[in-house]
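Novice: A predicted structure for the sequence below; I have some questions about it.
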Amino acid sequence: MKPLESTIGSMPVASLPAPPPVKAPGTATHCPYCALQCGMSVAATEEAGVRDVVIAPRAEIPAGAGGLCQKGWTAGELLTNGSRLTTPLIEGRPATWAEALDHVAARLRRISAEHGPDAVAVFGGGGLTNEKAYLLGKFARMALRTSQIDYNGRFCMSSAAAASIRAFGMDRGMPFPVTDLAGADTVLVAGGNVAETMPPFVRHLARMRERGGRLIVTDPRLTPTAKAADLHLQLAPGTDLALALGLLHIAVAEGYVDEDYVAARTTGFDAVAISVSAWWPERVERVTGVPVALLREAARLLGTAKRAMVLTGRGAEQHAKGTDTVSAFINLALALGLPGTEGSGYACVTGQGNGQGGREHGQKADQLPGYRKIDDPAARAHVASVWGMDPGDLPGPGRSAYELLDALGTPGGPRALLLFGSNPVVSAPGAGRIAERLAGLDLLVVADVVLSETAAKAHVVLPVTQWAEESGTTTNLEGRVLLRRRAVAPPSGVRSDLAVLSGLAERLGHPEGFPAEPRAVFDELRRASAGGPADYAGITYERIAAETGVFWPCPAEDHPGTPRPFLDRFAHPDGRARFIPVNHRPADEEADEEYPIHLTTGRVLAHYQSGAQTRRIASLVRAVPEAYVELHPDLAERLGLADGDRVRVTSRRGGAEVPARITGAIRSDTVFMPFHWAGRASANLLTNPALDPVSRMPEFKVCAVRVEKA
Ligand code: SF4
């Protein structure tokens, strides 16, 4: 068995046991980046007029297990970075805040009056705090009366969210504490590379391995996570669904199904059992490229484990069939009796910093706070009563993220866009087309910390505060609500996103109802979410501080919170989970003569999402300075390419130019590009915006490309 210890980058990330608590001076808060939300102490220092920020991990936050990754250790540089925006800009010219907000409000009023309220759109982000996500949704529906709001989390976890709602009646990404992983006997990570995306997560897997537990990883690449696994299923991109069907086929055939659990806690098994009967192992091998023996071994490890977990990441989810793929993995977990069983389960490994909370409180096109549906009359009546408006005045569902971005500036589409916490010029699929759409707008307003690639295209740029300069809550990947505290003073000239919304709402005729104070917003969010699936009514800032986080649902202040919501029943009215019959289908775009190679995209340890933050951190840039394309040596030889050659990668959407990295860690029919870079190095110039019919997730993980020497 290989040791599960990541040595990527300069930081050891999985050494055991966890380090003793660091008694660091400073303010207790959380990392600005991923959904693990590792705890950290942040202290500002100043010597000879030079500001610095010292960061130390907090061992008392269980998810991070007392660790930080390279991104977390260096996050202090975000606070002292010289490229920080500190003055509002109108058409590139410095302006006062009063000028900028007056100008934006006047333009919004005019565009809305001339073209109707849906001519103004709002786009948010999965990194925004719960307070910001909530107020942004309220601002769109109440102050602007627009239905046109969505957010970049649609590009991350939406397929897993949709599949969880179908199966369990509720999406609480990981419905158990992440520390439960250590007690499992087998863990399957389908399409996740946690050793690079959230290294301290590996500590929980390492503890599992120390007890003799087994790790299975499915990935087209031999990633650091796959290298550490007992079993690596190196499937072809876009075939995750067939793989899951095949594993369930074997589980049924080999007698691994937990029949008592299926009878007592689920419905719909028979139809699913029939549907997987056609996915015999040899057929699955032909489709996925994974040998039958490995499929059988994976099914055996899962089927004979006393406690097992099935986790999905973006590799399985970011497809035009992502919802069905996750449903297939959930079907497998249900057949084995895992969800809602202590020590076992299914979970989505949420990616963005507030990817869980950000999808609960109303910045999604079809949603109201508390994970309520916007077309549910009772939900509309409740939220409208909290907001003091007539439910009939609440807009209905709007366009999903890609559809919204693609409609900008087109006939019948929005003429203005307000954008918070997102950089779609780099992160949206088919990014070249989205840049053209943004350029066609009458008004683009971007609130950001730095001049991101999207902010650089804006008519108005509003400089805002960031993580350790402000307070607010996030909800980590396990559904635990955490408190980010203000640890350092923001630079003069910047305002919080909440203050921006408050100032705009006032100018649009709402002097009340849009407080800039995070606690006031959170207290209203608690009331708005009360009675909904994501019920925060009993969660207070004081409780979060005293209890190192509170799990939702938490309907009352004397309620303990709910670490494992499905132990007694699932959230469907009859308390049972649903098997959902699904079938495999090819990727939207298959390799062909013109574009003969699969491209898959993903992340690297040193960078985060669109790279707007991490590409400005010197040590992270040194670690991975530029984008690249990974190719197998056989493919490189066929194409006449050597390591380091400049390579042109072309798809039906556009072309990118990057250096080649030749590695045996990838399939010979597939190339890989990380997506954190902009301009000619942008992987998303190539990706396919084909959408999942349920979640509206784009097909980031597979498209067809041509590769040649530049
Ligand atoms: Fe932890 Fe994620 Fe921050 Fe790394 S990026 S320190 S894993 S929260």
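Specialist: Good, I have the coordinates. Keep in mind the model is a prediction, meaning the values are calculated, not measured.
Novice: the strands in the stretch 151-300 of the chain, which residues?
Specialist: 186-190, 214-218, 231-233, 266-267 (DSSP state E, counting those that start in this stretch).
Novice: so what does the first one touch, helix or strand wise?
Specialist: Think strand 186-190. strand 214-218, helix 240-253, helix 292-303, strand 308-312 (3 or more Cβ pairs under 8 Å, 6 or more residues apart in numbering; DSSP states H and E). For every residue, glycine as well, the C-beta is placed using N, CA and C.
Novice: gap between stretch 230-240 and the chain center?
Specialist: Computed by Cα atoms, centre = their mean, to the nearest Å, the chain-centroid distance of stretch 230-240 equals 21 Å.
Novice: what does stretch 581-594 give?
Specialist: 24 Å.
Novice: can you show me the helices along the stretch 601-710 of the chain?
Specialist: According to DSSP state H, counting those that start in this stretch, the stretch 601-710 of the chain carries its helices in the segments 618-623, 633-639.
Novice: in contact with the residue in the stretch 401-550 of the chain that the ligand sits nearest to, which residues?
Specialist: As assessed by Cβ to the nearest ligand atom, the ligand sits closest to Asn476 within the stretch 401-550 of the chain, at 8.4 Å. Asn476 makes contact with 35-37, 63, 350, 356, 482, 549 under the criterion Cβ atoms under 8 Å, 6 or more residues apart in numbering.
Novice: got a pLDDT number for the residue lying closest to Pro88 once chain neighbours are set aside?
Specialist: In space, and not counting its chain neighbours, Pro88 is closest to Ala100: 3.7 Å by Cβ to Cβ, 6 or more residues apart in numbering. Note on Ala100: pLDDT of 98.
Novice: so which elements touch the helix or strand hosting Ala100?
Specialist: Under the criterion of DSSP states H and E, Ala100 resides in helix 97-115. Packing contacts for helix 97-115, counted by 3+ Cβ pairs under 8 Å, 6+ apart, involve strand 89-90, strand 120-124, strand 416-420, strand 443-448, strand 460-463, helix 497-507.
Novice: turn those into a markdown table, including mean neighbour count and mean pLDDT.
Specialist: Formatted as a markdown table, the helices and strands packed on helix 97-115 follow (neighbours: other Cβ atoms under 10 Å; pLDDT from 0 to 100):
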| stretch | mean neighbour count | mean pLDDT |
| --- | --- | --- |
| strand 89-90 | 18 | 98 |
| strand 120-124 | 27 | 98 |
| strand 416-420 | 27 | 98 |
| strand 443-448 | 24 | 98 |
| strand 460-463 | 26 | 98 |
| helix 497-507 | 23 | 98 |
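Novice: CSV for these, including distance to the ligand?
Specialist: Output for the helices and strands packed on helix 97-115, formatted as CSV (distance: least, Cβ to the nearest ligand atom, whole Å):
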stretch, distance to the ligand
strand 89-90, 30
strand 120-124, 20
strand 416-420, 21
strand 443-448, 19
strand 460-463, 24
helix 497-507, 20
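Novice: and the pLDDT for the closest residue to the ligand within the chain?
Specialist: Of all residues in the chain, Gly72 sits closest to the ligand, at 2.4 Å by Cβ to the nearest ligand atom. Predicted confidence (pLDDT) for Gly72: 95.
Novice: do I have it right that it meets Cys38?
Specialist: Yes - assessed by Cβ atoms under 8 Å, Gly72 is found in contact with Cys38 at 5.5 Å.
Novice: overlap of the contact sets of those two?
Specialist: Between them, Gly72 and Cys38 share the contacting residues 31, 57, judged by Cβ under 8 Å, 6+ apart.
Novice: can you get me a residue count around the nearest residue to Gly396 once chain neighbours are set aside?
Specialist: Spatially, and ignoring its direct neighbours in sequence, Gly396 is nearest to Ser147 (5.6 Å; Cβ to Cβ, 6+ apart). Residues contacting Ser147 under the criterion other Cβ atoms under 10 Å number 19.
Novice: repeat for Asp258
Specialist: The local packing of Asp258 (other Cβ under 10 Å) involves 18 other residues.
Novice: need the pLDDT of it.
Specialist: 98.
Novice: contacts only, for it.
Specialist: 335-337.
Novice: kindly report the same for Val42.
Specialist: Taking Cβ under 8 Å, 6+ apart, we find Val42 in contact with 26-27, 29, 53-55, 76, 468, 487-488.
Novice: try it again with 6 Å
Specialist: Neighbouring residues of Val42 by Cβ atoms under 6 Å, 6 or more residues apart in numbering: 26-27, 29, 55, 468, 487.
Novice: so for Thr454, which of the helices and strands packed on strand 186-190 sits nearest?
Specialist: The closest of those to Thr454 is strand 308-312. By Cβ to Cβ, the value is 28.8 Å.
Novice: contacts for the closest one, please.
Specialist: With Cβ under 6 Å, 6+ apart, strand 308-312 has contacts from 160, 184, 186-190, 302, 326, 329, 333, 338, 344-349.
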